[in-house]
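**Student:** kindly return the folded structure for what I paste below:
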Amino acid sequence: MDVNDKLDEIVRYVESARSMPMSSSSVVNRTELLGQLRALREMLPATLEEADSLLGERDAVLAQARSDAEAVVAAGNEQREQLIADHEVLTAAQGRADEVLAAATAKADELSRGVDDYVDAKLAHLEVAVDRILDTVRQGRERLRKTSAYSELDPGEDEPTG
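**Tutor:** The predicted structure is shown next:
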């Protein structure tokens, strides 16, 4: 039997006690009621010790829960800080990559223009050289047409006969 059961028994005993006529008082057996109260008093230390033990356990559980919660919050804050730092590094790296790409594109465009200018200059020199060679070939052919081994012997044959 526990404390609550004993209290219920005492309450039932008092409620079932004989009432005094014309009064709100009741007649109870003093010895029996005192016996029940003494039994209740004997039960209380064990119950109070049990309650104290439960409160101590509760305090320990609460302290552990608080400690665990603080650890989770600290880990969350640390992870958040790491993510922020990672994001900043990623942003900086992306910015640097964009700068390098822009510089490489500008350098490639500059080199491409330089190559185009170089090839154009070489083709212009080649064109001039080819034009000179063509002029030389034309002149040589022209000379060949004007002079031949037979034309020196017969100057009149150059004229067409009609």
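
**Student:** okay, CA-based contacts and neighbour counts for the rest of this
**Tutor:** OK.

**Student:** part of a helix, is residue 21?
**Tutor:** No: secondary structure assignment (DSSP: H, G, I helix; E, B strand; the rest coil) places residue 21 in coil, not in a helix.

**Student:** point out where this protein drops to low pLDDT.
**Tutor:** Along the chain, the parts satisfying pLDDT under 70 run over 148-162.

**Student:** packing partners for the longest helix seen in it?
**Tutor:** Longest helix in the chain, counting residues (DSSP state H): helix 30-146. Secondary-structure packing of helix 30-146 (3 or more Cα pairs under 8 Å, 6 or more residues apart in numbering; DSSP states H and E): helix 3-15.

**Student:** which elements pack onto the helix it packs on?
**Tutor:** helix 30-146.

**Student:** centre of the chain to the helix it packs on, how far?
**Tutor:** Remark: helix 30-146 is offset 6 Å from the chain centroid, using Cα atoms, centre = their mean, to the nearest Å.

**Student:** again, but for stretch 17-25
**Tutor:** With Cα atoms, centre = their mean, you get 81 Å for stretch 17-25.

**Student:** which residues touch it?
**Tutor:** Residues from elsewhere that reach stretch 17-25 (Cα atoms under 8 Å, 6 or more residues apart in numbering): 26, 27, 28.

**Student:** these in helices, which ones?
**Tutor:** Among the contacts of stretch 17-25, no member lies in helices (by DSSP H).

**Student:** what is the nearest of those to residue 65?
**Tutor:** residue 28 (50.8 Å; Cα to Cα).

**Student:** can you report how many residues lie near the residue nearest to the closest one when sequence neighbours are not counted?
**Tutor:** Among residues not flanking residue 28 along the chain, residue 17 sits closest, at 5.7 Å (Cα to Cα, 6 or more residues apart in numbering). By other Cα atoms under 10 Å, the residues close to residue 17 number 14.

**Student:** what's the separation between residue 17 and residue 39?
**Tutor:** 19 Å (Cα to Cα, to the nearest Å).
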